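Peer 1: Pasting the sequence and the predicted model now:
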Amino acid sequence: MIVIYNLLLRIYYILVLIASASNGKAKKWIDGRRRLFMRLREDIPADASIVWFHCASLGEFEQGRPVIEAYKKEHPSVKILLTFFSPSGYEVRKNYDGADFVYYLPLDTYFNAKRFISIVRPQAAIFVKYEFWYHYLQALHKNSIPTYVISAIFRPNQIFFKWYGGMFRRILKTYRQIFVQNQQSCDLLKSINVTNVTISGDTRFDRVAAIAKGVKELPIVESFANGHFTIVAGSTWPDDETILAKYVAENPSLKMVIAPHEIGESHIQDILAKLEGVKVERYTQTSAEKAADAQVLLVDTIGILSSVYHYGKIAYIGGGFGVGIHNTLEAATFGMPILFGPNYHKFQEAKDLIEDKAAFSIESYEQLREKFNDLVIDENVLKTSSEQAKLYVLSKVGATESILGGMK
């Protein structure tokens, strides 16, 4: 199995290298790792006390962020090293001021892991959610470095629970503690005799609760939404935008903010084409005065969506007609009823919100129109769903405190 694992990683590297000739994201993945060990040696002082946090991408970073910041607050003399696997995490958060050092993670090979650990010399390592890199975990274990995984979630179809997953079952026991989100994950791990497990919950609830308390003021969005019933559509994909554009055209008295998942110019132009005949302003090309007269505000930048939700009454979360829905909790924390497409079943919070009647899944434009209209017209339905959304988030906070307590 280790031979197959190493072979697959090398094949992956070769494919990314080939793709980097024409794909911008692949090029960043490759370029970001050039001279990486040299940069580590140059940047990290030999006497630094390092705690290493690793996240696959941006979503995992948001999950780990409350723990990073709480850990730093408790241990101000410690230097935080943050690594990412994906460019979509690193490129957005490479200047994150909560970490002292931010890098890409070298590919998980025996020699890379050995070299990385020998340079960094972390006093502890914390992986977020799904990161189970075999050689890094083995190197950390060999050097007796306390290692944790936080906000982890396990499902029966993962390799750990397959007959051929013995190698990966063994590395789970190298963690000092595995902090999982739910009872199902705990039970699955116990079924394979992994007992170093604590049910701590999901740190994203702590993160979004903090967002709600420290929301950024956005004068353009405030002017746009001022006094109007506003729907915020976040992390949308083309299938989402098609039905949202149709609803906007049929309801000229409503306002909608659309914040697409991809903000490349070609995608922005596709959205504008779908909104032909509708008064649209692009966030980066407008002013508060001009935005006030628009029906749609198109957010063509990143980093503000979590605060944009503050200005809306209802949220639509994209991805449900394709890869799977994006973050629902950033909207729920502001007490917003949420709509999304049918591909949501991998996300426990989405299922919980539906059960609480704070969220609704739709499979067609007709269903979207019906549910939007219910929420727009009936104030009692809107109020009840809003309250349930906010209560759900508040009932789940506390994972960060549980994790930090379990690390002591």
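Peer 2: Structure received.

Peer 1: Neighbours of I30, how many?
Peer 2: 17 (other C-beta atoms under 10 Å). C-betas here are computed from N, CA, C, even on glycine.

Peer 1: can you give me the helices in the stretch 1-150 of the chain?
Peer 2: Secondary structure of the stretch 1-150 of the chain (DSSP state H, counting those that start in this stretch): helices at 2-19, 24-31, 36-43, 58-74, 87-93, 110-120, 134-142.

Peer 1: should've said the stretch 201-350 of the chain
Peer 2: 204-213, 219-225, 238-250, 265-274, 288-291, 305-308, 329-332, 348-355.

Peer 1: how about JSON lines for the ones you listed, with mean pLDDT and mean neighbour count added?
Peer 2: Below are those laid out as JSON lines (pLDDT from 0 to 100; neighbours: other C-beta atoms under 10 Å):
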{"stretch": "helix 204-213", "mean pLDDT": "90", "mean neighbour count": "21"}
{"stretch": "helix 219-225", "mean pLDDT": "97", "mean neighbour count": "20"}
{"stretch": "helix 238-250", "mean pLDDT": "97", "mean neighbour count": "18"}
{"stretch": "helix 265-274", "mean pLDDT": "96", "mean neighbour count": "14"}
{"stretch": "helix 288-291", "mean pLDDT": "96", "mean neighbour count": "15"}
{"stretch": "helix 305-308", "mean pLDDT": "94", "mean neighbour count": "22"}
{"stretch": "helix 329-332", "mean pLDDT": "95", "mean neighbour count": "29"}
{"stretch": "helix 348-355", "mean pLDDT": "94", "mean neighbour count": "18"}
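
Peer 1: Which among those helices is found nearest to I153?
Peer 2: Nearest to I153 among these is helix 348-355; the distance by C-beta to C-beta comes to 7.6 Å.

Peer 1: helices or strands next to the closest one in the packing?
Peer 2: Judged by 3 or more C-beta pairs under 8 Å, 6 or more residues apart in numbering; DSSP states H and E, helix 348-355 is in contact with helix 329-332, strand 359-361, helix 379-394.

Peer 1: quick one: the shortest one to chain centroid distance?
Peer 2: Right, the one you point to is strand 359-361. 20 Å (C-alpha atoms, centre = their mean, to the nearest Å).

Peer 1: Can you give me the distance of Y130 to I150?
Peer 2: Y130 is 11 Å from I150, where distance means C-beta to C-beta, to the nearest Å.

Peer 1: Which one of these two is surrounded by more residues?
Peer 2: Taking other C-beta under 10 Å, Y130 and I150 do not tie; I150 has more neighbours (30 against 17).

Peer 1: ok now do the nearest residue to that one once chain neighbours are set aside, which residues does it touch?
Peer 2: Spatial nearest neighbour of I150, excluding adjacent residues (C-beta to C-beta, 6 or more residues apart in numbering): F179 at 4.6 Å. Contact partners of F179, counting by C-beta atoms under 8 Å, 6 or more residues apart in numbering, are Y148, V149, I150, S151, A152, T198, I199, S200, A399, S402, I403, G406.

Peer 1: can you put the helices of the stretch 1-150 of the chain in a markdown table and add distance to I304?
Peer 2: Listed next are these as a markdown table, based on distance: least, C-beta to C-beta, whole Å:
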| stretch | distance to I304 |
| --- | --- |
| helix 2-19 | 30 |
| helix 24-31 | 22 |
| helix 36-43 | 30 |
| helix 58-74 | 14 |
| helix 87-93 | 12 |
| helix 110-120 | 33 |
| helix 134-142 | 34 |
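
Peer 1: So which of those helices is nearest V215?
Peer 2: helix 58-74 (15.4 Å).

Peer 1: Turn the helices and strands packed on helix 348-355 into TSV, including distance to V280.
Peer 2: TSV is the format used below for these (distance: least, C-beta to C-beta, whole Å):
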stretch	distance to V280
helix 329-332	22
strand 359-361	26
helix 379-394	26
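
Peer 1: Go through the ones you listed and pick out the most buried.
Peer 2: helix 329-332 (a mean of 29; mean count of other C-beta atoms under 10 Å).

Peer 1: ok, so what distance separates the residue nearest to the spatial centre of the chain from L140?
Peer 2: In the chain, the C-alpha nearest the mean C-alpha coordinate belongs to G59, at 1.7 Å (C-alpha atoms, centre = their mean). Plainly put, G59 is 23 Å away from L140 if you go by C-beta to C-beta.

Peer 1: go on, L8?
Peer 2: L8 is 21 Å from L140, by C-beta to C-beta.

Peer 1: Those two: which has the busier surroundings?
Peer 2: Between L8 and L140, counted using other C-beta under 10 Å, the more crowded position is L140 (24 against 10).

Peer 1: For that one, give me its contacts.
Peer 2: Going by C-beta under 8 Å, 6+ apart, L140 touches I117, P122, A125, T147, T174.

Peer 1: switch to 6 Å and redo it
Peer 2: Residues near L140 by C-beta atoms under 6 Å, 6 or more residues apart in numbering: A125, T147.

Peer 1: confidence score at it?
Peer 2: The score at L140 is 97. That number is its pLDDT.

Peer 1: before we move on, what about P122?
Peer 2: 97.

Peer 1: pretty sure it is touching S49, no?
Peer 2: No. The pair P122 / S49 is not scored as a contact, 9.0 Å apart, by C-beta atoms under 6 Å.

Peer 1: more crowded one of those two?
Peer 2: P122 (22 against 13).

Peer 1: Any chance of the backbone angles for that one?
Peer 2: phi -70, psi 150 (degrees, to the nearest 10).

Peer 1: mind checking how far it is from D47?
Peer 2: In terms of C-beta to C-beta, P122 sits 14 Å off from D47.

Peer 1: E222 now?
Peer 2: From E222 to D47 the distance is 48 Å (C-beta to C-beta).
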